[in-house]
Every structure is written in C-alpha cells, then in structure tokens.
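*Asks:* model this:
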Amino acid sequence: MKLIIIERNAWEHLRSSFTDFIHSVQQLIGNPPEAEQWIDNEAVCKRLGISKRTLQTYRDTGKIPFSMIGHKCYYKESDITEILNAIKNELKDLTSSNNE
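*Replies:* Below you'll find the model as predicted:
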C-alpha cells in the first residue's frame, strides 16, 4: 500500500471542495421524483369503463400508452388519469355546446 502525506491545510481545502461539490450535485438533482404507479389491464378497464377488447384496440391504435413485462401489459396511472380528464373535458364541452 502506498501512503501519500499532505499538509493539513491542503487536506481541509480538498475536503471543503468535495463537500461543496456534493452540495452542488444535490441542488442540481433536487428531490427525486416519486416512483410512478403502474396498473394492469383489469384496473384500466374498470377505471375507463371499457372492455378488454376495447382496451386492446386502444393499444393497437396507439390511443393509450403501455409497457409489456413478460406477456402482461401495464399502464402508467398518470396516463390513465390524463385520458379520464380529457374525456371529462370533452363531455363538458359537449354539454356546454348543447346548452347554447
């Protein structure tokens, strides 16, 4: 093993620089995002009120993003929430158009 001897001032400066570097990296990274929740076919069908076949059609046409693990499809809960919000907005627009 090889030993390297440095003066105390040099060590303190190096340690301080390293601490500043760690602090800078932590500020750049910030708080890591929370892990995304994933749901399966059955849960998506229930939330959207659709059949498994309709869900398959949405996947085939690219209307709904998904990931496959093995032979099972999973969907980001945030994507499903966005779809539900879009449907609600469309319904709201339709009802306001009919009332005019």
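
*Asks:* which strand of the protein spans the most residues?
*Replies:* strand 72-76 (DSSP state E).

*Asks:* give me the distance from that one to the chain's centre.
*Replies:* Mean C-alpha position of strand 72-76 versus that of the full chain (CA atoms, centre = their mean, to the nearest Å) differs by 13 Å.

*Asks:* name every strand pairing with it and say which way it goes.
*Replies:* If you go by DSSP bridges, strand 72-76 pairs up with strand 38-40 (antiparallel), strand 67-69 (antiparallel).

*Asks:* pick the most buried one from these.
*Replies:* strand 38-40 (a mean of 14; mean count of other CB atoms under 10 Å). Using the backbone N, CA and C atoms, a C-beta is placed for each residue, glycine as well.

*Asks:* what's the helix or strand just after it packed up against?
*Replies:* Counting by DSSP states H and E, the next helix or strand C-terminal to strand 38-40 is helix 41-48. Packing partners of helix 41-48 (3 or more CB pairs under 8 Å, 6 or more residues apart in numbering; DSSP states H and E): helix 52-61, strand 72-76, helix 77-99.

*Asks:* residues making contact with the shortest one?
*Replies:* For strand 72-76, contacts defined as CB atoms under 8 Å, 6 or more residues apart in numbering pick out 36-41, 44, 59, 64-68.

*Asks:* list just the nearest of those to Ile80.
*Replies:* Val44 (5.9 Å; CB to CB).

*Asks:* so what's the closest residue to Asn41 other than its chain neighbours bridging to?
*Replies:* With CB to CB, 6 or more residues apart in numbering as the criterion, Asn41 has its nearest non-adjacent residue at 5.7 Å, and that residue is Cys73. Here Cys73 sits in beta bridges with Met68, going by DSSP bridges.
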